[in-house]
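# Predicted model and sequence follow; I will ask about them next.
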Amino acid sequence: MPTDKNPRLIDLSHTVEHGLVTYKGLPAPIICDYLSREASRKYYAPGTEFQIGKIEMVANTGTYLDSPFHRYANGKDLSQLDLNKLANLPAIKVSSHNKSAIDAECFSGEANLAGKAVLVETGWSRHWNTPQYFEGHPFLTEDAAKFLADSGVALVGIDSHNIDDVGDLRRPVHSILLGHEIPIVEHMTNLTNLPASEFRFFAVPVKVKGFGTFPVRAFASVV
């Protein structure tokens, strides 16, 4: 069994690979060698070689985090995010497998949400990398976003294609949460292996200035 000195780490991220389509209409990443092992050999002693990789991708690839700058020109970008709102967060999981529109009622039974990461398990990640993933996905409603923001949550994550109903071009959930400086993590996976509570959550993106979104290696630490 895990102990305080040896917690169990649970990976909650999808693998980014060449050709992966995360969001319909956005290009897939191109992953290749900048310097191959074979080409590098001329620079080093015999038997020594290195690979330097190259990736071309949009920021919304794989499991990623949205900062306020993603939605608001004057919002905090990735380089300005407080690590205390991204790492080692007390967290809870809210499961909602049977609702397309996940409303405030789904969270009203949770006590003391302030300062916590709230991860919403819909089960939609089972459709990852298939055409079904883009159609009819579960999402949070506007009143759910308002409830979570008013509750003072630190971060909200979901294992679905989008935290918003993509048919609502206002994107109210992004607008409300990011307007309250609450980061969002989308396209999560493996939430079924988490307990309902008593775990810590981590989702730290690269510290890039002028960027609002970037992939993360999201994971949980369960004692």
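That came in fine, so what should we check first? Numbering: from 1, shown residues only.
# give me the beta-bridge partners of the residue nearest the centre of the chain?
Nearest residue to the geometric centre of the chain (CA atoms, centre = their mean): Val185, 2.7 Å. According to DSSP bridges, the partner residues bridging Val185 are Leu65, Gly157.
# Give the buried residues for stretch 83-96.
85-86, 89-94, 96 (16 or more other CB atoms under 10 Å). (C-beta placed from N, C-alpha, C; glycine too.)
# measure that stretch end to end?
Counting by CA to CA, to the nearest Å, you get 28 Å between the two ends of stretch 83-96.
# out of everything not next to it in sequence, what's closest to Pro138?
Residue nearest to Pro138 in three dimensions, not counting chain neighbours: Thr122, with 4.0 Å by CB to CB, 6 or more residues apart in numbering.
# quick one, what contacts the one you found?
Applying CB atoms under 8 Å, 6 or more residues apart in numbering to Thr122 gives the contacts 96-97, 102, 137-138, 158-160.
# If any of those residues are buried, give me the ChimeraX selection for them.
Buried residues within these, by 16+ other CB under 10 Å, are selected in ChimeraX with:
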select :96,102,137,138,158,159,160
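# Columns pLDDT, secondary structure and distance to Ser13 on top of the contacts of Thr122, output as a markdown table?
Formatted as a markdown table, the contacts of Thr122 follow (pLDDT from 0 to 100; DSSP: H, G, I helix; E, B strand; the rest coil; distance: CB to CB, whole Å):
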| residue | pLDDT | secondary structure | distance to Ser13 |
| --- | --- | --- | --- |
| Ser96 | 92 | coil | 21 |
| His97 | 87 | coil | 21 |
| Ile102 | 97 | strand | 21 |
| His137 | 97 | coil | 18 |
| Pro138 | 98 | coil | 19 |
| Ile158 | 98 | strand | 13 |
| Asp159 | 98 | coil | 11 |
| Ser160 | 98 | coil | 14 |
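# Out of the contacts of Thr122, which is nearest to Asp33?
Asp159 (32.4 Å; CB to CB).
# pretty sure the closest one is touching Asn193, no?
No: using CB atoms under 8 Å, Asp159 is not in contact with Asn193, being 11.4 Å away.
# Run a quick neighbour tally on Met152.
To be clear, residue 152 is Gly; Met isn't right here. Using other CB atoms under 10 Å, Gly152 has 13 other residues around it.
# What sits closest to it if chain neighbours are left out?
That would be Ala114: by CB to CB, 6+ apart, it lies 3.8 Å from Gly152.
# now Leu86
Nearest residue to Leu86 in three dimensions, chain neighbours excluded: Val204, at 4.9 Å (CB to CB, 6+ apart).
# which SS state does that neighbour fall under?
Three-state call for Val204 (DSSP: H, G, I helix; E, B strand; the rest coil): coil.
# This protein: helices as residue ranges?
Per DSSP state H, the chain carries helices over the ranges 37-40, 142-150, 172-179.
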